[in-house]
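Asks: Here is a sequence together with a model predicted from it:
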Amino acid sequence: MSRIRKIGVFTSGGDAPGMNACIRAVVRTSVFMGLEVVGIRKGYQGMLDSDFWDMDARSVGNIIHLGGTILKTARCLEFQTNEGTEKAFKNLKTKGIDALVAIGGDGTARGAERLSSRFEIPVICIPGTIDNDLYGSDFTLGFDTATNTVIEAIDKIRDTAASHNRLFFVEVMGRDSGCIALRSGIAGGAEAVLLPERETEIDELIEKLSMDAKNKKTSSIVIVAEGDKSGGAYHLAKLVTEKFDFYDVKVTILGHLQRGGSPSSFDRVLASRLGYAAVKGLLSGENRQMVGLRGNSVVMTPLFEALNNTQFKLEKDLMEMVSVLSI
Ligand code: ADP
């Protein structure tokens, strides 16, 4: 028999579409299992402020389709101090919370590991970040939706690019991770994809664009991840314009619109599976785990393993394909 009676759930760090569907799954699975469930608003900040919400099955009605997070999210430096972590734990205990489900990125998981290992409170983390940069899950919550948002934008940009012989540099999110750039580049039919994980050779890019022009291409789209080391979309556009005058060069920075919007069916199902598995995992005695999806199976990975692995997540076949499919 589990001694867990009351579960706390929170979202933290960067928001991602699918977080609401995940909160819903955690709350409803908990209620179904006869547990009490407390929403903690604004992540670790809410623990420090005792910003708690006693939730029931109806608290999460009509949210499965909403982007963002009804529990709000925040970044909280105070929690990272010894005093802050202790205060958070004391507030959780005062509220009677005896286990946690944390939904967020790697910072959130690091915080959860710290809290759990210092104060023996069981915790399961659910990877929620549009960047898809966590080990332990093939996909993170929000990545599929964000990529779909990028593709929608690329499709629109393509219309104007094709009408004017334009070369567009489209900058997408991903400071350290090229996952959004690569997937959206393939799905959007981009001529090149520039990633933080790989050096950008400007000369190679110009040669590729010149070849395309010789091959009677009249417009091109280059996807640039924001963490690309060569200086970002505006800088690249300037360099290319200086050496290459065939196209009218334009830049679009997609920015925060990539974080919003209604989650895709993939993200809603992923969120539901991981939220459900997290509660069941806690009840069966799992602790300090990252619950994720690998090869369409829900699996647990110890947090220390998930956080100490820098998995190269970019699919090699997709990287090779970009230039082949855009001849
Ligand atoms: P994400 O979860 O999206 O990666 P952050 O990196 O901003 O977002 O982390 C979210 C919050 O998690 C931070 O504001 C902080 O409160 C907490 N956190 C991050 N890293 C650590 C750490 N090493 N130790 C304790 N808490 C951390």
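Replies: Nice, I can see it.
Asks: For the ligand, tell me whether the longest helix seen in the chain is touching it.
Replies: If you go by DSSP state H, the chain has its longest helix at helix 143-164. No. Counting by C-beta under 6 Å from any ligand atom, the ligand is not contacted by helix 143-164; separation bottoms out at 12.7 Å. Heads up, the C-betas are built off the backbone N, CA and C, glycines and all.
Asks: And that helix, what's buried?
Replies: Going by neighbour count (16 or more other C-beta atoms under 10 Å), the buried part of helix 143-164 is 143-151, 153-154, 157-158, 161.
Asks: got it, and stretch 252-261?
Replies: Of all the residues in stretch 252-261, those buried under the rule 16+ other C-beta under 10 Å are T252, L254, Q258, R259, G261.
Asks: now the helices: where do they sit in the stretch 1-150 of the chain?
Replies: 19-32, 43-48, 82-94, 106-119, 143-164 (DSSP state H, counting those that start in this stretch).
Asks: so can I have TSV of those helices showing distance to Y135?
Replies: Shown next, in TSV, are the helices of the stretch 1-150 of the chain (distance: least, C-beta to C-beta, whole Å):
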stretch	distance to Y135
helix 19-32	19
helix 43-48	21
helix 82-94	24
helix 106-119	9
helix 143-164	14
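Asks: Columns mean pLDDT on top of those, output as a markdown table?
Replies: Formatted as a markdown table, the helices of the stretch 1-150 of the chain follow (pLDDT from 0 to 100):
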| stretch | mean pLDDT |
| --- | --- |
| helix 19-32 | 98 |
| helix 43-48 | 98 |
| helix 82-94 | 98 |
| helix 106-119 | 97 |
| helix 143-164 | 96 |
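Asks: Quick one: closest of those to S284.
Replies: helix 19-32 (12.6 Å; C-beta to C-beta).
Asks: Tell me if the closest one is near the ligand.
Replies: No. Contact of helix 19-32 with the ligand (C-beta under 6 Å from any ligand atom) is absent, the minimum separation being 10.9 Å.
Asks: what's that helix packed up against?
Replies: Under the contact criterion of 3 or more C-beta pairs under 8 Å, 6 or more residues apart in numbering; DSSP states H and E, helix 19-32 touches strand 6-12, strand 36-40, strand 99-104, helix 265-283.
Asks: okay, now the domains of the protein?
Replies: 6-142+263-308, 145-259 (automatic domain parsing).
Asks: out of those, deepest packed?
Replies: Mean neighbour count, computed with mean count of other C-beta atoms under 10 Å, is highest for domain 6-142+263-308 among these, reaching a mean of 21.
Asks: mind checking how far stretch 36-52 is from the chain centre?
Replies: The chain centre lies 22 Å from the centre of stretch 36-52; the measure is C-alpha atoms, centre = their mean, to the nearest Å.
Asks: hmm, it touching the ligand?
Replies: Yes. Using C-beta under 6 Å from any ligand atom, stretch 36-52 reaches the ligand at Y44.
Asks: which phi and psi does the residue lying farthest from the centre of the chain have?
Replies: Distance from the C-alpha centroid of the chain peaks at K214, with 38.6 Å (C-alpha atoms, centre = their mean). Torsion angles at K214 (phi, psi; degrees, to the nearest 10) stand at phi -60, psi -30.
Asks: Over to L134?
Replies: Dihedral angles (degrees, to the nearest 10) for L134: phi -110, psi 140.
Asks: Contacts only, for it.
Replies: The neighbourhood of L134, defined by C-beta atoms under 8 Å, 6 or more residues apart in numbering, consists of G105, D106, A109, P127, T140, M290, G292, A306.
Asks: again with V224
Replies: With contacts defined as C-beta under 8 Å, 6+ apart, V224 is in contact with F169, V170, E171, V172, A181, L194, G232, A233, L236.
Asks: Using the three-state scheme, assign it.
Replies: Here V224 takes the strand state, with states given by DSSP: H, G, I helix; E, B strand; the rest coil.
Asks: So in terms of bridging, what pairs with it?
Replies: With DSSP bridges as the criterion, V224 is bridged to E171, L194.
Asks: Hmm, F246 is touching D212, no?
Replies: No. Applying C-beta atoms under 8 Å, one finds F246 not in contact with D212, separated by 9.2 Å.
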